[in-house]
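Q: For reference, the sequence and a predicted model appear below.
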Amino acid sequence: MRYEELTGQVQAHAELPDRQSAERAVRATLETLAERIPDGVADHLAAQLPGEAAEALRRVVAGDETSPHRRAETRSHGEPFDLTTFAGRVAWRSHASEDTALREATAVLEVLDAAVSPELMTKVGHVLPPDIRELLPSSRATEG
């Protein structure tokens, strides 16, 4: 899937007014997801996404200096946080309310589910806590 297609689908699913809003939602969701999941899973996810989307995951895994939640080392487990923290981080990154951030993150995760291999999305679901897993499409949310 091309980046334009991915952001276009997020824009449609989240009913966003423009492509820039969709890009912001994708970036905010993927950066926050990269903090929550193990580095190896984030790397595999990045490998199946278009470059612009993959960069959001890789930036966090690599420990980007501009990230407020910078990683100090490669980890086999994601940073432990719940849905409230997830929503807050996505909201902070996307400059939106937490309710809006959750709606947009759900749209991003729905589009990701269709864009990457089912096995990888199952793995993503397995490493997320139940409250964040609820943002995944219903078929994945129940697989945890």
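A: Okay, I see it. Bear in mind the structure is a predicted one, so any value in this text is a computation, not a measurement. Numbers count the residues shown, from 1 in each chain.
Q: Could you identify the helix or strand that succeeds the helix or strand hosting A107?
A: For A107, the enclosing helix or strand under DSSP states H and E is helix 98-115. The first helix or strand that comes after helix 98-115 along the chain, using DSSP H and E, is helix 118-127.
Q: pLDDT of that following helix, averaged?
A: Model confidence over helix 118-127, given as mean pLDDT, is 93.
Q: Just list the residues touching the residue nearest the centre of the chain, thanks.
A: The C-alpha lying nearest the average C-alpha coordinate of the chain belongs to L30 (Cα atoms, centre = their mean; 3.0 Å). Contacts here follow Cβ atoms under 8 Å, 6 or more residues apart in numbering; on that basis L30 touches A53, A56, L57, V108. The C-beta positions use only the backbone N, C-alpha and C, and glycine is treated the same way.
Q: how about 10 Å then?
A: With contacts defined as Cβ atoms under 10 Å, 6 or more residues apart in numbering, the neighbours of L30 are 42, 45-46, 49, 53-60, 90, 93, 105, 108-109, 112.
Q: Give me the residue ranges of the chain where confidence is low.
A: Per-residue confidence for the chain (pLDDT under 70) gives these ranges: 61-77, 138-144.
Q: thinking again about what came up before, in the helix holding A107, what counts as buried?
A: Burial within helix 98-115, assessed by neighbour count using 16 or more other Cβ atoms under 10 Å, is assigned to 98, 100-113, 115.
Q: swap in stretch 112-128?
A: Of all the residues in stretch 112-128, those buried under the rule 16+ other Cβ under 10 Å are L112, D113, A115, V116, L120, M121, K123, V124, G125, V127, L128.
Q: now for it, what's the gap between its first and last residues?
A: 15 Å (Cα to Cα, to the nearest Å).
Q: For it, what is the distance to the chain centroid?
A: Averaging C-alpha positions (Cα atoms, centre = their mean, to the nearest Å) puts stretch 112-128 11 Å from its chain's average.
Q: For the chain, which segments are assigned as helices?
A: Per DSSP state H, the chain carries helices over the ranges 3-14, 19-36, 39-47, 51-62, 83-94, 98-115, 118-127, 130-133, 138-141.
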